[in-house]
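>>> Here is a sequence together with a model predicted from it:
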Amino acid sequence: MANDIKMVSPSLLSANFGNLERDIEMINESNADWFHVDVMDGVFVPNISFGQPVIKYIKKLARKPLDVHLMIVDPGRCIDSFKAVGTDIITVHYEACTHLDRTLTAIKEAGMQAGVVLNPHSSVMLLEDSIQLCDLVLLMSVNPGFGGQKFIENTYNKIEQLAELKYRKNPNCLIEIDGGVTESNAHLLYEKGADVLVAGSAVFGAKNPMEAIDNIKGLSK
Ligand code: DX5
Ligand code: ZN
């Protein structure tokens with residue numbers, strides 16, 4: 001089910017918060033496609049990251065779309081405030097939304113792209129009745145909350161299942177993968193059907209982050 005789309009969304013969670021401006025400019029200058037922005041509330045996940053004021057600052061410097069991954073309970077409460085600080089794409093967790101249909105519709109009505117995130121334990125079958133509303137689906141390939149974790153191998157099966165569902169119900173929906181992505185597994189992930197790979201430590205932990213982005217995308221020098 002491989003296709004031609006090979007995008008990379010570097011996760012700012014692994015950036016240097018003491019020098020965020022430099023890291024944002026590196027992504028601007030690189031072949032990366034989006035900025036992946038991880039919002040954590042300390043309730044849905046054990047960690048707390050940052051919220052709207054920091055995103056407002058990122059938006060001032062970023063020249064590519066902000067792909068905001070909300071790891072917060074009941075994200076439907078906050079759609080307008082994330083729009084107000086310049087969010088382009090919002091993904092919400094299936095596990096955090098009581099009224100997922102309403103939340104996805106609200107994101108789109110606010111003028112943003114909308115996506116659902118599935119935790120590693122959540123089956124792709126859960127999306128049968130909501131994928132029509134999605135511009136993208138994000139599969140977690142680690143348990144959310146922290147950068148630098150080991151990739152969960154069952155994700156490959158889930159990508160194949162999701163690719164089948166997407167071609168049946170919403171062919172334009174993008175498949176994004178988040179967690180444990182490296183230069184070594186990127187190729188197989190795209191081949192299975194992924195369109196967008198999130199990469200935190202594989203980019204910001206690399207000696208040459210711009211080269212790491214190119215290697216993940218499979219761009220030859
Ligand atoms: C984890 C976050 C990820 C994280 C990925 O909960 O959603 O976006 O930054 O980090 P790596 O690429 O290091 O696994
Ligand atoms: Zn993320």
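The structure has been received and is ready for your questions. Ligands and ions are numbered 1, 2, ... in the order given.

>>> Quick check: end-to-end length of stretch 186-206?
15 Å (Cα to Cα, to the nearest Å).

>>> Contacts (any at all) between ligand 1 and that stretch?
Yes: applying Cβ under 6 Å from any ligand atom, one finds stretch 186-206 in contact with ligand 1 at 198, 199, 200, 201, 202. The way it works is simple: take the backbone N, C-alpha and C, and place the C-beta from them, glycine included.

>>> I'd like to know how far the fourth one sits from residue 130.
Spelled out, that is residue 201. Separation of residue 201 from residue 130 (Cβ to Cβ, to the nearest Å): 31 Å.

>>> likewise residue 205?
Distance from residue 205 to residue 130, by Cβ to Cβ: 34 Å.

>>> need the residues of the protein near ligand 1, please.
Counting by Cβ under 6 Å from any ligand atom, the chain comes close to ligand 1 at 11, 13-14, 36, 38, 69, 142, 144-149, 178-181, 198-202.

>>> out of those, which are buried?
11, 13-14, 36, 38, 69, 142, 144-145, 147, 178-181, 198-202 (16 or more other Cβ atoms under 10 Å).

>>> Which of these fall in helices?
Among those, DSSP state H puts 201, 202 in helices.

>>> any residues touching stretch 24-32, and which ones?
Outside stretch 24-32, the residues within contact range by Cβ atoms under 8 Å, 6 or more residues apart in numbering are 8-10, 12, 15, 35, 58, 61-64, 203, 209-210, 213-214, 217, 219.

>>> State the mean pLDDT of stretch 148-165.
The average pLDDT for stretch 148-165 rounds to 98.

>>> How about residues contacting that stretch?
Under the criterion Cβ under 8 Å, 6+ apart, residues 1, 14, 118, 120, 124-125, 127-128, 131, 137, 139, 141-143, 175, 177, 179-182, 185, 188-189, 192-194, 200-201, 205 lie in contact with stretch 148-165.

>>> Would you map the helices across the protein?
So, for the chain - with DSSP H - the helices run 20-29, 52-61, 79-84, 100-109, 155-169, 186-192, 201-204, 209-217.

>>> right, so of those, which gets closest to ligand 2?
helix 201-204 (12.1 Å; Cβ to the ion).

>>> Is that closest one positioned near ligand 2?
No: using Cβ under 5 Å from the ion, helix 201-204 never reaches ligand 2; the gap is at least 12.1 Å.
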